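Chemist: sequence plus the predicted model coming up.
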Amino acid sequence: MQFKHPEILYFLFLLVIPILVHLFQLRRFKKEFFTNVKLLKELSIQTRKSSKIKKWLLLATRLLLLASLIIAFAQPFFKAKDNANANNELFVILDNSYSMQAKGQKGELLKRAVQDLLENTPENTSFSIITNNESYWNTNIKAIEKELQNLKYSALPFSLETALTKIKTRNPAQNKDIVIITDAIGMNKNHLKGIPQNNKTYFVIPEAEQLKNVAIDSVYLSQSLDDFYEIGVDFSSNSEEKKAIPVSVYNQNELIAKTILNLKKNKEKIHFTIPKKDFHGYISIDDNSLSFDNSLYFSISKPQTTHVLSIGENDKSNFLSRIYTQPEFKYANSTIGTLDYSQLDKQDAIILNELQSIPVALQTNLKSFVEKGGNVVFIPSEENEITNLNSFLAHFGGIQFQGLQSQEKKITKINFSNPLFSNVFEKKITNFQYPNVLKSFTLQNNYPQAISYDDQSAFLTTIRQQIGSLFVFSAPINKTNSNFQNSPLIVPTFYKMALSADKNGVKYETIGNADPFLVAAKSADDEMIVSIKNATEEFIPMQQVMSDKIRISSNDNPTLAGNFEIIQNKKAIGNISFNYNRDESNLTLPSDDVLDELNKIDSIESFFDTIQIERTDSQAWKWFLIFTLLFILLEILIQKFVK
């Protein structure tokens with residue numbers, strides 16, 4: 001027990017006063033002689049004993065009364081169990097991602113969480129609240145009541161690491177209480193590593209009653225016919241339940257196709273045939289779970305000719321002319337001696353086909369070409385000097401060639417998850433005739449392998465450079481060194497490496513994705529600024545002028561998914577579509593191992609009740625006042641009933 005005013009305890013010396021008074025009141029009894037009555041003598045002795053007992057009882061009562069009163073004024077208390085964190089700064093992380101649309105016993109999880117905050121947060125409590133897209137610092141529940149009531153779902157997925165990073169920058173030396181309100185969808189142990197050990201962290205995990213959900217994952221160009229496009233649509237479900245779901249395709253707001261998706265497994269796909277013209281629409285499904293992933297917006301522009309230039313000897317480039325045919329491609333070949341550098345920026349893809357040496361001027365131009373969204377395919381030559389190769393590759397990151405090996409290798413593995421082969425094959429191929437190479441270089445890098453040898457080393461490596469790409473072969477593919485040109489794999493590989501996503505194919509962006517994209521635009525300075533708008537929203541994205549193109553980064557814009565126009569000088573110069581991130585679609589709870597590591601509480605009310613109990617000192621002075629009153633009552637009773 002501790003005292004707020006221990007100096008008052010010095011008044012306990014006053015207890016000596018009742019003792020002195022008691023001693024002075026002790027008087028000797030005088031003997032009085034009576035005639036001879038034995039009964040009266042016995043009565044006198046009994047009265048003397050009763051008087052002494054009464055006085056001792058009164059003394060004890062008065063001492064205890066005075067002591068209780070003095071101790072009460074000293075304000076004794078028992079220190080709180082968690083007293084060290086009594087002055088912690090409070091932070092609330094509120095997950096408002098679209099997975100919080102799921103419904104619990106009392107409605108949508110996000111709305112229930114907001115109501116819990118409004119009802120149970122004390123009005124005088126200062127705290128900060130961080131959502132996926134907003135932060136409110138050093139506020140109170142009354143000040144942000146309207147903001148919370150109007151809180152919308154965020155297109156940005158929930159990132160515990162991002163929220164914790166924001167908190168760490170606020171008063172680093174101050175101890176903190178962190179309350180995290182999230183459904184914990186997709187959470188794993190790696191996400192928990194950023195939780196500070198010196199702070200108190202509590203998790204409120206609202207539970208959804210229905211975790212089954214069907215989502216539209218992606219749309220892609222499956223096949224380009226003379227007058228039609230065949231588009232593929234991928235669907236996913238986190239349930240094995242078989243069900244039939246209506247699927248509709250709209251161009252603008254016009255329904256152009258409708259079918260039934262017979263969902264029999266977790267992954268399904270269907271195909272639609274649409275006219276080969278500008279398309280600016282969406283695909284939708286009817287699913288009664290989460291609604292944000294029931295639509296996917298996309299755009300398709302009229303097919304444009306893709307310009308491909310190969311640089312190398314003509315006899316080694318003949319196979320390329322059979323792949324890049326008109327009208328889809330405009331192909332040309334040039335030797336290094338006759339190369340017109342002014343034509344490089346007009347290409348969509350450039351193939352370096354077994355050049356003996358790459359001039360410095362060409363290296364510089366190719367670096368700029370990739371930065372502007374072009375694709376470069378590099379096929380080495382046996383006669384290349386390693387230093388020259390590595391000087392060129394150093395412009396694109398940490399990839400290096402090592403010595404040439406005269407050892408036959410079989411090409412046996414296709415990485416179907418590599419973006420180069422996405423949506424190329426209907427199913428994984430395991431029994432094709434393996435091509436081989438007789439001589440190859442060893443590649444040292446950490447970039448994704450698109451095609452590999454039987455020893456798991458890279459045959460073809462892909463290096464993504466924001467809006468452009470570099471594709472690096474580790475071996476010459478001329479017919480003397482390899483039979484890769486005779487493999488069925490060569491056509492889809494070179495076809496996809498040359499395609500420009502800005503000219504052909506399905507186009508859409510993911511809200512919150514920082515990767516830029518290109519827009520063809522005029523070069524006049526007063527007309528370069530572009531905006532993106534639709535009927536409900538307009539914003540000016542980050543943009544960088546690149547000759548006849550503009551490099552655009554939308555970052556966290558727009559706030560709502562949909563189809564948009566790209567506006568320059570008050571005129572529409574293109575279309576673009578934006579969709580919500582699909583990471584929130586899979587309503588899979590974390591494993592028990594992850595949940596066991598969390599300090600879970602039932603609600604915000606439980607949190608405030610817990611800290612109230614654990615961090616509030618137990619005041620004992622009230623009990624000593626009660627004891628004082630009891631001793632006063634006891635003294636009165638002694639005076640009245642004890643003779």
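Modeler: Right, received. Where do you want to start? From a predicted model like this one, the values you see are computed outputs, not experimental measurements.

Chemist: so how far is the helix or strand hosting residue 552 off the chain centroid?
Modeler: Here residue 552, judged by DSSP states H and E, is contained in strand 549-553. Taking C-alpha atoms, centre = their mean, to the nearest Å, one finds strand 549-553 lying 26 Å from the centre of the chain it belongs to.

Chemist: can you point out the buried residues in that strand?
Modeler: Counting neighbours by 16 or more other C-beta atoms under 10 Å, one finds that the buried residues in strand 549-553 are 549, 550, 551, 552, 553. (Glycine included, C-beta is placed from N, CA and C.)

Chemist: ok, stretch 65-74 next?
Modeler: 65, 66, 67, 68, 69, 70, 71, 72, 73, 74.

Chemist: repeat that for stretch 514-524.
Modeler: Buried residues in stretch 514-524, counted by 16+ other C-beta under 10 Å: 516, 517, 518, 519, 521.

Chemist: from the rest of the structure, what touches it?
Modeler: Residues from elsewhere that reach stretch 514-524 (C-beta atoms under 8 Å, 6 or more residues apart in numbering): 372-373, 466-467, 501-502, 507, 509, 527-528, 530, 544-553, 555, 566, 568-569, 573-574, 576.

Chemist: okay, that stretch in CSV with CA atoms only?
Modeler: Included here for stretch 514-524 are C-alpha records, laid out as CSV according to Å, rounded to 0.1, in the frame of the first residue of the first chain:
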residue,chain,number,x,y,z
ALA,A,514,2.4,2.4,-58.4
ASP,A,515,3.5,1.0,-61.8
PRO,A,516,3.3,3.7,-64.5
PHE,A,517,1.7,3.3,-68.0
LEU,A,518,2.2,5.2,-71.2
VAL,A,519,-0.3,7.3,-73.2
ALA,A,520,0.3,8.6,-76.7
ALA,A,521,-0.1,12.4,-76.6
LYS,A,522,0.9,15.6,-78.4
SER,A,523,4.2,17.2,-77.7
ALA,A,524,3.1,20.9,-77.5
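
Chemist: quick one: mean pLDDT for that stretch?
Modeler: Across stretch 514-524, pLDDT averages out at 76.

Chemist: any idea how far that stretch is from the chain center?
Modeler: For stretch 514-524, the distance to the chain centre is 28 Å (C-alpha atoms, centre = their mean).

Chemist: for the spatially most central residue of the chain, which non-adjacent residue is closest in space?
Modeler: Nearest to the mean C-alpha position of the chain, by C-alpha atoms, centre = their mean, lies residue 159 at 2.4 Å. In this structure, residue 159 finds its nearest non-sequential neighbour in residue 132, 7.4 Å apart by C-beta to C-beta, 6 or more residues apart in numbering.

Chemist: list the residues that contact the one you found.
Modeler: Neighbour list for residue 132: 95, 96, 97, 154, 156, 157, 158, 159 [criterion: C-beta under 8 Å, 6+ apart].

Chemist: of those, keep whichever come out buried.
Modeler: Buried among the contacts of residue 132 (16+ other C-beta under 10 Å): 95, 96, 97, 154, 156, 157, 158.

Chemist: in CSV, list those along with secondary structure and pLDDT.
Modeler: Formatted as CSV, those follow (DSSP: H, G, I helix; E, B strand; the rest coil; pLDDT from 0 to 100):
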residue, secondary structure, pLDDT
95, coil, 95
96, coil, 94
97, strand, 92
154, strand, 91
156, coil, 86
157, coil, 86
158, coil, 90
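
Chemist: identify, from those, the entry nearest to residue 492.
Modeler: residue 157 (32.2 Å; C-beta to C-beta).

Chemist: what sits against that closest one?
Modeler: 97, 132, 512, 581, 583, 584 are the contacts of residue 157 under C-beta under 8 Å, 6+ apart.

Chemist: hmm, try it at 10 Å
Modeler: Residues in contact with residue 157 (C-beta atoms under 10 Å, 6 or more residues apart in numbering) are 95, 97-99, 132, 185-186, 510-512, 580-584.

Chemist: got it, and residue 605?
Modeler: 116, 117, 119, 120, 121, 204.

Chemist: pick out the most distant pair among those residues.
Modeler: Pairwise distances across the contacts of residue 605 (C-beta to C-beta) peak at 13.6 Å, for the pair 119 and 204.

Chemist: ok, so of the buried ones among the contacts of residue 132, who is nearest residue 480?
Modeler: residue 157 (50.8 Å).

Chemist: model confidence over stretch 265-275, on average?
Modeler: 89.

Chemist: buried ones in it, by neighbour count?
Modeler: Across stretch 265-275, burial judged by 16+ other C-beta under 10 Å covers 268, 269, 272, 273, 274.

Chemist: can you lay out those residues as JSON lines showing secondary structure and distance to residue 421?
Modeler: Output for the buried residues of stretch 265-275, formatted as JSON lines (DSSP: H, G, I helix; E, B strand; the rest coil; distance: C-beta to C-beta, whole Å):
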{"residue": "268", "secondary structure": "strand", "distance to residue 421": "20"}
{"residue": "269", "secondary structure": "strand", "distance to residue 421": "16"}
{"residue": "272", "secondary structure": "strand", "distance to residue 421": "22"}
{"residue": "273", "secondary structure": "strand", "distance to residue 421": "23"}
{"residue": "274", "secondary structure": "strand", "distance to residue 421": "24"}
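
Chemist: other SSEs contacting the helix or strand harbouring residue 350?
Modeler: Using DSSP H and E, residue 350 sits in strand 349-353. Secondary-structure packing of strand 349-353 (3 or more C-beta pairs under 10 Å, 6 or more residues apart in numbering; DSSP states H and E): strand 306-311, helix 318-323, strand 329-334, helix 360-371, strand 375-379, strand 468-473, helix 490-498.

Chemist: which of these sits closest to residue 290?
Modeler: helix 490-498 (32.5 Å).

Chemist: what's the lowest-pLDDT member of the contacts of residue 157?
Modeler: residue 186 (81).

Chemist: next one, pLDDT for the nearest residue to residue 8 once chain neighbours are set aside please.
Modeler: Among residues not flanking residue 8 along the chain, residue 74 sits closest, at 4.2 Å (C-beta to C-beta, 6+ apart). Model confidence at residue 74, given as pLDDT, is 78.

Chemist: contacting residues around residue 74?
Modeler: Neighbour list for residue 74: 2-12, 620-621, 624 [criterion: C-beta under 10 Å, 6+ apart].

Chemist: residue 128 now?
Modeler: Residue 128 makes contacts with 89-93, 135-139, 166-167, 170, 176, 178, as judged by C-beta under 10 Å, 6+ apart.

Chemist: what ranges do the helices span in this protein?
Modeler: In the chain, the helices defined using DSSP state H lie at 16-24, 38-73, 109-120, 145-149, 160-168, 189-192, 318-323, 360-371, 386-393, 490-498, 592-596, 604-615, 621-641.

Chemist: the third one packs against which elements?
Modeler: With contacts defined as 3+ C-beta pairs under 10 Å, 6+ apart, the packing partners of helix 109-120 are strand 89-94, strand 103-104, helix 145-149, strand 176-181, strand 200-204, helix 604-615.

Chemist: mind checking the pLDDT average for the fourth one?
Modeler: Mean pLDDT, taken over the full extent of strand 176-181, equals 92.

Chemist: check the first one too.
Modeler: Confidence over strand 89-94 (mean pLDDT, whole number) is 94.

Chemist: same check, this time on the last one
Modeler: Across helix 604-615, pLDDT averages out at 80.

Chemist: what residues of that helix count as buried?
Modeler: 604, 607, 608, 611, 615.

Chemist: thinking again about what came up before, which of the contacts of residue 157 sits closest to residue 460?
Modeler: Among these, and counting by C-beta to C-beta, the member closest to residue 460 is residue 510, at 26.5 Å.

Chemist: please name the nearest non-neighbouring residue to that closest one.
Modeler: residue 581 (5.4 Å).

Chemist: go ahead and confirm the one you found touches residue 98.
Modeler: Yes - counting by C-beta atoms under 10 Å, residue 581 touches residue 98, with 8.4 Å between them.

Chemist: what's the overlap in contacts for these two?
Modeler: 154, 155, 156, 157, 292, 293.

Chemist: residue contacts, the spatially closest residue to residue 265 that is not a sequence neighbour?
Modeler: In space, residue 265 comes closest to residue 240 once its chain neighbours are excluded; the distance is 7.2 Å by C-beta to C-beta, 6+ apart. By C-beta under 10 Å, 6+ apart, residue 240 lies in contact with 212, 263, 264, 265, 266.

Chemist: thank you kindly, that will do.
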